[in-house]
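[1] Compute the structure for the input listed below.
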Amino acid sequence: MSEVDRLRDSNNEMQQDMAKCRERECELLSFTQMLTEKNVSVQSQLSATEARLRQSEADLTLVSVSCVYYFRYWFIMNYLCWPTVSAWTAQYVNFLTTVL
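    Numbers count the residues shown, from 1 in each chain. Coordinates of the predicted model:
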């Protein structure tokens, strides 16, 4: 085999390697694009979920504060009217079952 033939074979191998590299590069670019789109979607869902969580926490805080104030009002208004501890216990249990 002559030097020219050996160089041609080497050149052909390099061209085949380059074609494989370009094919692999296209596959990787496609995969990267898919991952990027999925990441954007997941981040969007995360932001929406975090916003719902913050709203739920705010609602829970408002409900908790309202319950505390309602209970204080209820306790003060009703405690003065109850003649016995057993009546108070029954009223308290009724209150808890209506609130919870």
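[2] Determine which residue lies closest to the centroid of this protein.
    In the chain, the centroid-proximal residue (C-alpha atoms, centre = their mean) is residue 46; its distance is 4.2 Å.
[3] Where do the helices of the protein begin and end?
    3-79, 85-99 (DSSP state H).
[4] tell me, which of those is the model least confident about?
    Sorting the helices of the chain by mean pLDDT places helix 85-99 lowest, at a mean of 68.
[5] ok, back up a step: would you quantify the distance from the residue nearest to the centre of the chain to residue 52?
    According to C-beta to C-beta, to the nearest Å, residue 46 and residue 52 sit 11 Å apart. Where C-beta positions appear, they are placed from N, C-alpha and C, glycine not excepted.
[6] and what of residue 68?
    Here the distance between residue 68 and residue 52 works out to 25 Å (C-beta to C-beta).
[7] And residue 94, by the same measure?
    In terms of C-beta to C-beta, residue 94 sits 34 Å off from residue 52.
[8] Please apply the same query to residue 17.
    Noted for residue 17: a distance of 52 Å to residue 52, by C-beta to C-beta.
[9] now swap in residue 90 and tell me
    Distance from residue 90 to residue 52, by C-beta to C-beta: 39 Å.
[10] how about residue 27, what does it touch?
    For residue 27, no contacting residues are found, by C-beta atoms under 8 Å, 6 or more residues apart in numbering.
[11] meant to ask about residue 39
    With contact set as C-beta under 8 Å, 6+ apart, residue 39 has no partners.
[12] Over to the one 3 residues further on?
    For residue 42, no residue meets the contact criterion (C-beta under 8 Å, 6+ apart).
[13] Quickly note the distance from it to residue 48.
    Distance of residue 42 to residue 48, given as C-beta to C-beta: 11 Å.
[14] what do you get for residue 74?
    Residue 74 sits 38 Å away from residue 48, going by C-beta to C-beta.
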